[in-house]
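# Here is a sequence together with a model predicted from it:
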Amino acid sequence: MNGIAIKTAPGHGAPGAGSRGDGRPRRRSALAFVMIFLGIALFIQAAIVVQARPQDLVTGAAGIADILHRSWPPDFAGLPDALWPALQTIDMGIFGTVVALVFALPLALLAARNTTPARPVYYATRVLIALARVVPDLVWALIFVTAVGLGPFPGALAIVVHSLGMMGRLFSEVIEDMDMGPVEALTMTGASRLAVFSHAVVPSVLPSLLGITLYRLDENIRSSLILGFVGAGGIGFQLLTAMNLFQYRTVSMLLIITFIIVMGAERISAWLRARIA
Amino acid sequence: MSAPLIAVSGLAMRYPTGRVALTDTSLALAPGELVVILGANGCGKSTMLRCIAGMLKPTGGSVQVAGRRISSLAGRELAEARMALGMVFQNAHLVRRRSVVANVISGTLGRHRGLAITLGRLPESERPFAMTCLNQVGLTAFAEQRAGTLSGGQAQRVSVARALAQRPLALLADEPVASLDPDAAQELMGLLRRLAHDDGLGVLCVLHQPELARRFADRILGMKDGRIQFDTKPAEVKETEVAGLYVKTTETLAA
């Protein structure tokens, strides 16, 4: 898209632009050429590094067909045993989101430029939030599994820490974009600093924060599925076990449950967000 | 004349950048009086209002509000002294997602320091009083509506009601009609005059419209280059004096 727009620019500029406009479009088209060349080179090195061999897909087609055949029909005999892990997966998401919300709100107030009490606090909370965010939840889960053992709890902790980072950052951005007028107005009424927060800042940003939280809940339920793969319980752990035992019909049944959970969380979250907007 | 509500004497303000915004400015505001300050952008009128409200610390002189020297207070004492001053800004600065009456009630927060109220509960005992404040600006019918749904003029009147809920002795208005259409501007200025004449509030109002100042003010102050140029009754203000405020001078303000 961009490349095309830049390329057509000299065509438009040349006839009417005269001597002054002459040099610029040409330099720009040279730049466009270099950018396109670099883009192609970047992609080719990526293809080499990932060892992309499309022919493998063709020769592997038989294997895929075999797995699909062995997965069919889904084995619903194991369904009752899968319900508890399914609930675990959903609850890891809910627990993680709620606890993260409780901590993210005060943290975001400290990490927003317009509400932070002091510069050092601002930088310290920013670093804390960045640290929680840049370490993937899968890594947090591995750390917590080592610390507190197998089961859903380390998974929930991983979700708490990772979404604390995500929510802290998004919350502080919402707070920084807020209209500071009401804050100034309430300060002038003689209200205390905390009262100004709770009566001017909170009502202004609460709907956006709830929207972010609901979106995060949906994401967290999805990531709690994956956390099961590193031993953090839930349906992901069941999926991994079934795969290791080559029980492909159980795998397909679990995938159907996964599909229902993810779609359900997504729909409910979207519906709630539409209601508060 | 009664004792002044606001007494400013020898006020000087020099910003850390070296810009001198105010030089030896004095004024007095009595109860029941609507005083309008006219002047071009950068003449120091907003700086003076901010010094009076205690939002800026002046570099010289003093500001007394109802007998308390506000210019040398800080923290809790400043917050308490400020409660005598209701502030009306260029924009209404309402919390748009809250109801109109909730916005007015929030003007009373300075008087309520309970934990629940500090954490976001409204002092419901103030609701009847907030309604009388809304009644003064003629907007009781809109009490339960969201503040975000109001027109500019209505929102500005609600912000006046919020300032009244604070039970102030004086109102400070910084270009309160700058974002209003002419009709709404007239209405708001009429409201400010009524509050001064009928309820005995002192009103100090910065304006950019000489016509409005002539029509509504009891006294007009002309400011230029950080000094008060004239201080007279509207009828005695000469056209040339007003025009002179807006003439650019070549000498800079930097000392």
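Cool, the structure landed.
# Show me where the stretch 151-255 of chain B has its strands.
For the stretch 151-255 of chain B, strands defined by DSSP state E, counting those that start in this stretch occupy the ranges B:170-174, B:202-207, B:219-224, B:227-232.
# Figure out which of these is closest to B:Met48.
Among the strands of the stretch 151-255 of chain B, strand B:219-224 comes nearest to B:Met48, with 7.6 Å by Cβ to Cβ. The C-beta positions use only the backbone N, C-alpha and C, and glycine is treated the same way.
# so how far is the closest one off the chain centroid?
Distance of strand B:219-224 from the chain centroid (Cα atoms, centre = their mean, to the nearest Å) equals 15 Å.
# Flag the shaky bits of chain B, pLDDT-wise.
By pLDDT under 70, the low-scoring segments of chain B are B:1-2, B:248-255.
# Can you find the residue of it that comes nearest to chain A?
Scanning chain B for proximity to chain A using Cβ to the nearest Cβ identifies B:Gly110 as nearest, at 2.8 Å.
# Using the three-state scheme, assign the closest residue to that residue other than its chain neighbours.
The shortest distance from B:Gly110 to any non-neighbouring residue, by Cβ to Cβ, 6 or more residues apart in numbering or on different chains, is to A:Gly190 (2.8 Å). Put simply, A:Gly190 is coil when judged by DSSP: H, G, I helix; E, B strand; the rest coil.
# Return the distance of A:Gly190 relative to B:Leu94.
18 Å (Cβ to Cβ, to the nearest Å).
# ok, now A:Ala124?
Taking Cβ to Cβ, one finds A:Ala124 at 34 Å from B:Leu94.
# who has more neighbours, these two?
Set A:Ala124 next to B:Leu94 and count neighbours by other Cβ atoms under 10 Å in any protein chain shown: B:Leu94 wins out with 27 against 14.
# Shouldn't the more buried one be within a strand?
No: B:Leu94 is assigned coil when assessed by three-state DSSP, not a strand.
# about what we covered before: most neighbours per residue, which of the strands of the stretch 151-255 of chain B?
The highest average neighbour count among the strands of the stretch 151-255 of chain B, using mean count of other Cβ atoms under 10 Å in any protein chain shown, belongs to strand B:202-207 at a mean of 26.
# Okay, now the sheet partners of that strand, with direction.
Applying DSSP bridges, strand B:202-207 is found paired with strand B:34-38 (parallel), strand B:170-174 (parallel).
# Chain A contacts on the stretch 101-250 of chain B?
For the stretch 101-250 of chain B, the residues in contact with chain A (Cβ under 8 Å from any Cβ of the partner chain) are B:106-111, B:113, B:117-120, B:122, B:159, B:162-163, B:165-166.
# again, 6 Å this time
The stretch 101-250 of chain B comes close to chain A at residues B:106-107, B:109-110, B:118-120, B:166, as judged by Cβ under 6 Å from any Cβ of the partner chain.
# Take those residues and write them to a markdown table, including distance to A:Gly228.
Below are these laid out as a markdown table (distance: Cβ to Cβ, whole Å):
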| residue | distance to A:Gly228 |
| --- | --- |
| B:Ser106 | 48 |
| B:Gly107 | 53 |
| B:Leu109 | 49 |
| B:Gly110 | 53 |
| B:Thr118 | 43 |
| B:Leu119 | 39 |
| B:Gly120 | 39 |
| B:Gln166 | 57 |
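# Out of those, who's the most crowded?
Counting neighbours by other Cβ under 10 Å, B:Gly107 leads these with 31 neighbours.
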